[in-house]
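Engineer: missing the sequence, but the structure's below:
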Ligand SMILES: [Zn+2]
Ligand SMILES: [Zn+2]
C-alpha cells in the first residue's frame, strides 16, 4: 500500500460518517498537503474494487465511502444528506432466505428526515 492509499484508507475507516470523495480529499490535504484530488479518486476506486471499503451510489448526490464493506442498510436524510447505518445486514439475510437467490450484493437506502432536520 502506498502512503497515499494508507492515508485515504485510514480516513475512511476512522470516520464515524459516510464521507464523499471531496470530504476525504479535504481531510487528506490536512495531513498530506500536496495530494491531488485525482489520487484520492483513484485510491478510493482501488480500495472499493479490492473490497476493503464500500462505495455507496446515491441518486442525485456524490457517492459515499463506507468502512464496512459487508452488506448493510442505510438511511439518507433528504434534507441535509446525512447517511446513517440503520441495520446490520439482517434484511439481506431475510431476502436471501425468501428469494432462494444466490445474492452477490445488496444496496438498500431508505429516505427520511433525520431528527435534526425534523426539528427545523
Ligand atoms: Zn437531516
Ligand atoms: Zn454504512
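Structural biologist: That came through fine. What you see is a predicted model; the values in this text were computed from it and never measured. Ligands and ions are numbered 1, 2, ... in the order given.
Engineer: wait, does stretch 44-63 contact ligand 2?
Structural biologist: No - against ligand 2, stretch 44-63 shows no contacts by CB under 5 Å from the ion, the least distance being 6.9 Å. For the C-beta atoms, the positions are set from N, CA and C on the backbone; glycine is no exception.
Engineer: show me the helices in the protein, by range?
Structural biologist: 3-14, 21-31, 37-49, 90-99, 115-119 (DSSP state H).
Engineer: so which of those helices is nearest residue 71?
Structural biologist: Among the helices of the chain, the nearest to residue 71 by CB to CB is helix 90-99 (4.3 Å).
Engineer: neighbouring contacts of that closest one?
Structural biologist: For helix 90-99, the surrounding residues in contact (CB atoms under 8 Å, 6 or more residues apart in numbering) are 71-73, 101, 103, 106, 108.
Engineer: could you redo the last one with a cut-off of 10 Å?
Structural biologist: Outside of helix 90-99, the residues within contact range by CB atoms under 10 Å, 6 or more residues apart in numbering are 70-73, 89, 101-103, 105-108.
Engineer: with stretch 104-111 instead?
Structural biologist: Here stretch 104-111 has contacts from 54-59, 64, 70-78, 83-84, 86-87, 89, 91-93, 95-96, using CB under 10 Å, 6+ apart.
Engineer: name the residues of the helix or strand of the chain with the lowest mean pLDDT that are buried.
Structural biologist: Least confident helix or strand, the chain: helix 90-99 with a mean of 90, by mean pLDDT, DSSP states H and E. Buried residues in helix 90-99, counted by 16 or more other CB atoms under 10 Å: residue 92.
Engineer: could you check how far it is from the centre of its chain?
Structural biologist: 22 Å (CA atoms, centre = their mean, to the nearest Å).
Engineer: does ligand 2 sit close to it?
Structural biologist: No - judged by CB under 5 Å from the ion, helix 90-99 and ligand 2 are separated, with a smallest distance of 12.6 Å.
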